[in-house]
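Participant: sequence and predicted structure below; questions after.
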Amino acid sequence: MPDSLSDHFRLATLELIARYTVGIVVENNTGVGTGTLAFIGGERFILTAAHVVGDSNPEDIRFWMRPSKPIQEKAAADTTASEVGGFTLGVRLPIVEILKNPITDIAALKLDSSFVLPEAVEVYDVRKSHEFMSWEDEKLDGLSLVLFGFPVANSREVAVDGNRSFRFLGCASHLSEYSLDLNNTAWSRLPSRHSKSKDFVFKYHGFLDDLAPHGFSGGAIWVLGDNPNAAIWRPDPIFIGVVHHYASISDLLIAAKLTAVIEAQSVPADGSSSGPKTVPI
């Protein structure tokens with residue numbers, strides 16, 4: 001991507017991804033994660049990592065959705081009290097069912113079919129991703145991967161009530177790439193519950209910006225589906241997976257492939273795993 005287009009390309013892509021992305025807060029505002037609005041099999045879901053929602057009841061979960069204004073590139077920690085008051089607050093959504101698969105660590109929160117989403121919010125149709133779902137790893141090698149979500153480090157504590165911390169969430173992005181070599185060799189260093197058949201891994205460099213991965217969990221992984229050098233260009237990110245763990249020993253994020261994500265919303269499963277060297281994020 002030419003330097004003259006890079007900033008415009010990045011912002012246009014993030015503006016679109018933000019339309020599909022929601023912040024998720026549970027446990028009296030003490031747990032933060034990310035989700036993606038997705039259209040699957042005629043129904044609308046919020047896809048995230050199962051550990052993000054845990055055993056929470058739908059009425060106890062709050063969601064942050066994209067406001068109808070451009071993204072402001074300013075750290076949430078640097079906002080003023082008056083600015084925080086003008087941003088979208090966490091809201092309840094009419095979740096009618098929560099489907100969880102502990103083997104893949106994926107959850108699908110089903111939205112009431114009659115609910116009308118805010119104007120600036122969109123639902124991603126996973127049929128756009130079907131071509132990528134059947135690709136061999138070789139065709140993914142070297143593709144840029146974009147992660148967008150709500151890392152806890154980019155948030156601002158606005159109130160404390162006992163042991164509960166109420167935070168203003170700030171979104172952030174992370175750019176990595178798909179490495180064929182990494183995805184062929186990383187599994188021997190990871191717990192057996194993670195596998196190449198259902199997961200993929202990529203390097204996380206966010207610590208350079210003081211953004212630990214906590215809060216990105218449940219966020220979608222996107223590849224860029226259009227050419228920014230074309231005469232007529234629009235960003236067209238393609239959803240290919242959901243982040244669910246961070247392997248600190250290798251600085252790797254682990255994501256479920258979209259095939260596993262879709263199966264998780266329709267096939268409940270029970271599973272257990274031995275003590276991991278990875279941690280939910």
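Facilitator: Great, that's in hand.
Participant: any figure for the gap between the spatially most central residue of the chain and T21?
Facilitator: Compute the mean C-alpha point of the chain, and by C-alpha atoms, centre = their mean the closest residue is G219, 0.8 Å away. According to C-beta to C-beta, to the nearest Å, G219 and T21 sit 7 Å apart. From N, CA and C alone the C-beta is placed, and that goes for glycine too.
Participant: repeat for K100
Facilitator: 20 Å.
Participant: show the average pLDDT along the helix ranked longest in the chain.
Facilitator: In the chain, taking DSSP state H as the definition, the longest helix is helix 3-20. In this model, helix 3-20 carries a mean pLDDT of 77.
Participant: show me what that helix is packed up against.
Facilitator: In terms of contacts (3 or more C-beta pairs under 8 Å, 6 or more residues apart in numbering; DSSP states H and E), helix 3-20 is packed against strand 31-40, strand 144-149, strand 172-177, strand 220-224, strand 237-247.
Participant: just the C-alpha atoms of the helix or strand following the third one, please, in CSV.
Facilitator: This means strand 172-177. Remark: after strand 172-177, the chain's next helix or strand is helix 180-185, criterion DSSP states H and E. This file holds the C-alpha atoms of helix 180-185, laid out as CSV (Å, rounded to 0.1, in the frame of the first residue of the first chain):
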residue,chain,number,x,y,z
LEU,A,180,2.3,-20.3,7.2
ASP,A,181,5.5,-21.3,8.9
LEU,A,182,4.2,-20.2,12.3
ASN,A,183,0.9,-22.0,11.8
ASN,A,184,2.8,-25.2,10.9
THR,A,185,5.2,-25.1,13.9
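Participant: just the buried positions in helix 180-185, please.
Facilitator: Neighbour counts over helix 180-185 (16 or more other C-beta atoms under 10 Å) mark 182-183 as buried.
Participant: can you list contacts of that helix?
Facilitator: When contacts are defined by C-beta atoms under 8 Å, 6 or more residues apart in numbering, helix 180-185 is touched by residues 137-138, 140-142, 196, 200-203, 252.
Participant: list buried residues within these.
Facilitator: 140, 200-203, 252.
Participant: what is the nearest of the residues you listed to D236?
Facilitator: Of all the buried ones among the contacts of helix 180-185, D236 sits closest to L140, with 16.7 Å by C-beta to C-beta.
Participant: how about the closest one: what's its closest non-neighbour residue?
Facilitator: Y178 (4.4 Å; C-beta to C-beta, 6 or more residues apart in numbering).
Participant: quick one: that neighbour and F200 touch, right?
Facilitator: Yes: the pair Y178 / F200 is scored as a contact, 7.2 Å apart, by C-beta atoms under 8 Å.
Participant: how far away is the residue lying closest to K203 once chain neighbours are set aside from G149?
Facilitator: The spatially closest residue to K203, leaving aside those adjacent along the chain, is S176, at 5.4 Å (C-beta to C-beta, 6+ apart). Counting by C-beta to C-beta, the gap from S176 to G149 is 13 Å.
Participant: hmm, back to that, could I get the buried ones among the contacts of helix 180-185 as JSON lines with secondary structure, distance to Y124 and pLDDT?
Facilitator: As requested, these are exported to JSON lines (DSSP: H, G, I helix; E, B strand; the rest coil; distance: C-beta to C-beta, whole Å; pLDDT from 0 to 100):
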{"residue": "L140", "secondary structure": "helix", "distance to Y124": "19", "pLDDT": "89"}
{"residue": "F200", "secondary structure": "strand", "distance to Y124": "19", "pLDDT": "96"}
{"residue": "V201", "secondary structure": "strand", "distance to Y124": "23", "pLDDT": "96"}
{"residue": "F202", "secondary structure": "strand", "distance to Y124": "20", "pLDDT": "95"}
{"residue": "K203", "secondary structure": "strand", "distance to Y124": "25", "pLDDT": "94"}
{"residue": "L252", "secondary structure": "strand", "distance to Y124": "25", "pLDDT": "93"}
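Participant: can you add distance to D112 and give these back as CSV?
Facilitator: Compiled in CSV, the buried ones among the contacts of helix 180-185 are given as follows (distance: C-beta to C-beta, whole Å):
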residue, distance to D112
L140, 36
F200, 32
V201, 35
F202, 34
K203, 39
L252, 37
